[in-house]
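Enquirer: The amino acid sequence is not available; the structure is as follows:
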């Protein structure tokens, strides 16, 4: 170097071109976001923005993202749509008999779509309103998800979310009502940042369905953060249904903290989305906590779905049970990452994990990565992953009973996925996800005539 | 009803059937016997349309149609039923679900109305009782965890439910105790009628004690080497297959 080139007068603060648009966005809208006058909240936001600016988006070198290339997402620009335009022009199919539906269009809360107000004993309120009325109320809950599996997308949500919902189930409230959160995306290039805080007070029980749907052909980026707190003895049944359009990008993160004797049943059903990443982090914090995680995904085309799950056994006598099953057609690709960490004093842990995949095409791919980190010695942990094709013997058996090949295949595929879908307790939700899977199967490639398999 | 003419078939380029000819008329029950590896099961599977087998020569006509041109499901809907030697386990698919889909596919094919759930259940429960199958087996996954006898009983249940024109039973008697054998025989006998025919592939003579076939064929090296009445089965039982093969060679 001859030193003849002049150095800039100030240190160059430019960032990664993929990061910069989000920093610019913060410059534009940061002053309008809720919680800016609350010290703890704005401090937290600033910290997240800084962390995002420092670390940028994950790359293939990042072990947690190795199998999920982000190029398609990062090559596009997204921005929050204007609120003025956020009225429902396209509506998602309804689920019958859902008592309480809360609808978000392009991430903006539209109010209750059906039912009357909140189910008894359940408080549903805008996070911005809660922050305004009682600035300290959410402090123990909001933004606690800063440890495991935090990445650029959740940091963006932290720094830039504009509103969200607090759902608080009162102590000892036993609610059978099905509470639906419906996220509809309908604006091209929309950046959608849903934010949900669920607090299940002690001894309560409740059911929540979170559904993502979108207008076909519209590409958008959703980065959601859900923080779920179960107090002593609480029960929560949560079903995440992803039926977004096949051009949507979705990074949905949920962090759950389970206190003594509480139980979380978390279901994830994925049929839609171009690229979907589901981060699910469960911390079993106190003895007697239990989580059951069920996932089903049916993919075709070039869809990519990454289920990245982390179960932390922090306390003794906790159970975790995890079962994910997927059907992959054409050039679709799925990732299952099952991390289980058992802390040194989490004795008497029972942790089960299984991932089964049916590959319908030689171009489809599954990367299954169980990751058990066990630091206690008196534990029962197991994991298993299987990958297979449709059983040709079974297909012939069904054909020999007059059932045509397509129906035989559908029967076998449904039977495979039904093992997971049947774990859904609520009839109407189980029916809904089965209908989604049936619809998806009709998009699967028709196989070649018999005789092609030899 | 069924005419097999000079049928040759191979699996993975290994010839199994070497010019087999057979004529089955409505109302007849034929038994096909023979030592292991003689081609009995191959015959049954080729008739049902299993695609691992390649037909290299010959013709098969079923009810006036070229059977070999038909997909397996069309053969089934046309009234050809194969009772499997090794019925396949299908986890997650309940027996009733499969049976209903199958029966209705056949009914639709014949231009009949599909049976609704109520009428179907009535019918299938009645048939289950007939073959001595406990109702719980109807609601379990197809053959999953069934014992050998239960699997065979399930095959016979399907046969009596579908009422096929031609039933091909591939060693349905193997692995059965005497009580199960009687029930299988009873199922077969109850379906006998002037309109239907059966091809019973078996290794042993004992099933034939109960169903009294009209014809017995002995298969060796992929062709029929001897045909006769039911007394042939008795002779075979006494002298073994070695005797008949020698007999065939010297004849």
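Expert: It's in. None of these values were measured; they are calculated from a predicted model. Numbering: from 1, shown residues only, chains lettered A, B, ... in the order given.

Enquirer: Where in the chain is the helix or strand with the lowest mean pLDDT?
Expert: With no chain named, the answer covers chain A. Ranking every helix and strand in chain A by mean pLDDT, DSSP states H and E puts strand A:108-114 at the bottom, with a mean of 73.

Enquirer: what packs against that strand?
Expert: Judged by 3 or more CB pairs under 8 Å, 6 or more residues apart in numbering or on different chains; DSSP states H and E, strand A:108-114 is in contact with strand A:100-105. Where C-beta positions appear, they are placed from N, C-alpha and C, glycine not excepted.

Enquirer: go with 10 Å
Expert: Judged by 3 or more CB pairs under 10 Å, 6 or more residues apart in numbering or on different chains; DSSP states H and E, strand A:108-114 is in contact with strand A:100-105, strand A:174-185.

Enquirer: Paired strands for it, with orientation please.
Expert: strand A:100-105 (antiparallel) (DSSP bridges).

Enquirer: so for the partner strand, what's the average pLDDT?
Expert: Strand A:100-105 shows a mean pLDDT of 88.

Enquirer: how distant is that strand from the center of its chain?
Expert: Computed by CA atoms, centre = their mean, to the nearest Å, the separation of strand A:100-105 from the middle of its chain amounts to 17 Å.

Enquirer: Where does the prediction get shaky in the chain?
Expert: Reading this off chain A. Counting by pLDDT under 70, chain A contains low-confidence ranges at A:1-15, A:83-92, A:113-117, A:145-149, A:446-454.

Enquirer: To clarify, I was referring to chain B.
Expert: Chain B contains residues with pLDDT under 70 at B:245-251.

Enquirer: quick one: the helices in the chain?
Expert: Just going to use chain A. Here chain A has its helices, by DSSP state H, at A:20-29, A:39-55, A:71-74, A:127-133, A:152-160, A:392-399, A:405-421, A:427-441.

Enquirer: You answered for a different chain; I wanted chain B.
Expert: Under DSSP H, chain B gives helices at B:40-48, B:72-77, B:95-109, B:117-130, B:136-139, B:148-162, B:178-191, B:206-211, B:231-250.

Enquirer: follow-up on the earlier one: highest mean neighbour count out of the helices of chain A?
Expert: Of these, the one with the most neighbours on average (mean count of other CB atoms under 10 Å in any protein chain shown) is helix A:152-160, at a mean of 24.

Enquirer: residues in contact with the closest residue to residue B:36 other than its chain neighbours?
Expert: Closest residue to residue B:36 apart from its sequence neighbours, by CB to CB, 6 or more residues apart in numbering or on different chains: residue B:203 at 7.2 Å. Applying CB atoms under 10 Å, 6 or more residues apart in numbering or on different chains to residue B:203 gives the contacts B:33, B:34, B:35, B:36, B:38, B:40, B:41, B:171, B:173, B:174, B:241.

Enquirer: Minimum distance to residue B:25: which of the helices and strands packed on strand A:108-114 has it?
Expert: strand A:174-185 (62.8 Å; CB to CB).

Enquirer: contacting residues for the residue in the stretch 201-350 of chain A positioned nearest to chain B?
Expert: In the stretch 201-350 of chain A, the residue that lies nearest chain B is residue A:325 (10.6 Å; CB to the nearest CB). Shown in contact with residue A:325 (CB under 10 Å, 6+ apart): A:294-298, A:336, A:354-358, A:386, A:416-421.

Enquirer: near chain B, which residues of chain A show up?
Expert: A:391-405, A:407-408, A:411-419, A:422, A:449-454 (CB under 10 Å from any CB of the partner chain).

Enquirer: right, and residue A:256 touches residue A:292 too?
Expert: No - using CB atoms under 10 Å, residue A:256 is not in contact with residue A:292, being 11.8 Å away.

Enquirer: Now for the two: what residues contact both?
Expert: Here residue A:256 and residue A:292 share the contacting residues A:264, A:266, A:282, scored by CB under 10 Å, 6+ apart.

Enquirer: How many residues are close by residue 241?
Expert: Defaulting to chain A. Counted with other CB atoms under 10 Å in any protein chain shown, residues neighbouring residue A:241 total 24.

Enquirer: that answer is for a different chain, and I need it for chain B
Expert: So residue B:241, with other CB under 10 Å, has 18 neighbours.

Enquirer: show me what contacts residue A:389?
Expert: Per CB under 10 Å, 6+ apart, neighbours of residue A:389: A:358, A:359, A:360, A:361, A:362, A:453.

Enquirer: swap in residue B:202?
Expert: B:31-34, B:40, B:169-174, B:208, B:211, B:213, B:216, B:233.

Enquirer: now residue A:363: how far from residue A:333?
Expert: Here the distance between residue A:363 and residue A:333 works out to 9 Å (CB to CB, to the nearest Å).

Enquirer: For the two, indicate the residue with more neighbours.
Expert: Set side by side, residue A:363 and residue A:333 show more neighbours around residue A:333, with 21 against 14, by other CB under 10 Å.

Enquirer: Enumerate every residue touching the more buried one.
Expert: Going by CB under 10 Å, 6+ apart, the list of residues near residue A:333 reads A:67-69, A:275, A:299, A:302-306, A:363-367.

Enquirer: Take the helices and strands packed on strand A:108-114 and lay them out in CSV including mean neighbour count.
Expert: Converted to CSV, those look like this (neighbours: other CB atoms under 10 Å in any protein chain shown):
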stretch, mean neighbour count
strand A:100-105, 22
strand A:174-185, 21
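
Enquirer: Throw these into a markdown table and include distance to residue A:442, thanks.
Expert: Shown next, in a markdown table, are the helices and strands packed on strand A:108-114 (distance: least, CB to CB, whole Å):
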| stretch | distance to residue A:442 |
| --- | --- |
| strand A:100-105 | 27 |
| strand A:174-185 | 23 |
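
Enquirer: Now chain B against chain A: closest residue?
Expert: Counting by CB to the nearest CB, chain B gets nearest chain A through residue B:92, at 2.8 Å.

Enquirer: didn't that residue look like it was pressed against residue B:143?
Expert: No - with contact defined as CB under 10 Å, residue B:92 and residue B:143 do not form a contacting pair (12.0 Å).

Enquirer: Who has more neighbours out of these two?
Expert: Ranked by neighbour count (other CB under 10 Å), residue B:92 and residue B:143 place residue B:143 first, with 23 against 18.

Enquirer: Now that one: closest residue in space, sequence neighbours ignored.
Expert: Take residue B:143 and drop its neighbours on the chain: the residue closest to it by CB to CB, 6+ apart is residue B:89, 4.5 Å away.

Enquirer: same thing with residue A:328?
Expert: In space, and not counting its chain neighbours, residue A:328 is closest to residue A:364: 3.7 Å by CB to CB, 6+ apart.

Enquirer: and that neighbour, what does it touch?
Expert: A:299-300, A:303, A:326-334, A:357-358, A:387.

Enquirer: let's go with 8 Å and repeat that
Expert: The contact partners of residue A:364, taken as CB atoms under 8 Å, 6 or more residues apart in numbering or on different chains, are A:299, A:328, A:329, A:330, A:331, A:332, A:333.

Enquirer: What about the residues you listed, which are in strands?
Expert: Of these, the ones assigned to strands by DSSP state E are A:299, A:328, A:333.

Enquirer: Export the residues you listed as TSV, with columns for distance to residue A:216.
Expert: TSV is the format used below for those (distance: CB to CB, whole Å):
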residue	distance to residue A:216
A:299	16
A:328	21
A:333	21
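
Enquirer: Among those residues, which one sits closest to residue A:156?
Expert: Of the ones in strands among the contacts of residue A:364, the one sitting nearest to residue A:156 (CB to CB) turns out to be residue A:333, at 24.1 Å.

Enquirer: Next to chain A in this structure, residues from chain B, please.
Expert: B:48-52, B:71-73, B:75-77, B:81-82, B:84, B:87-93, B:97-98, B:101-103, B:105-106, B:109, B:141-142, B:158, B:162 (CB under 8 Å from any CB of the partner chain).
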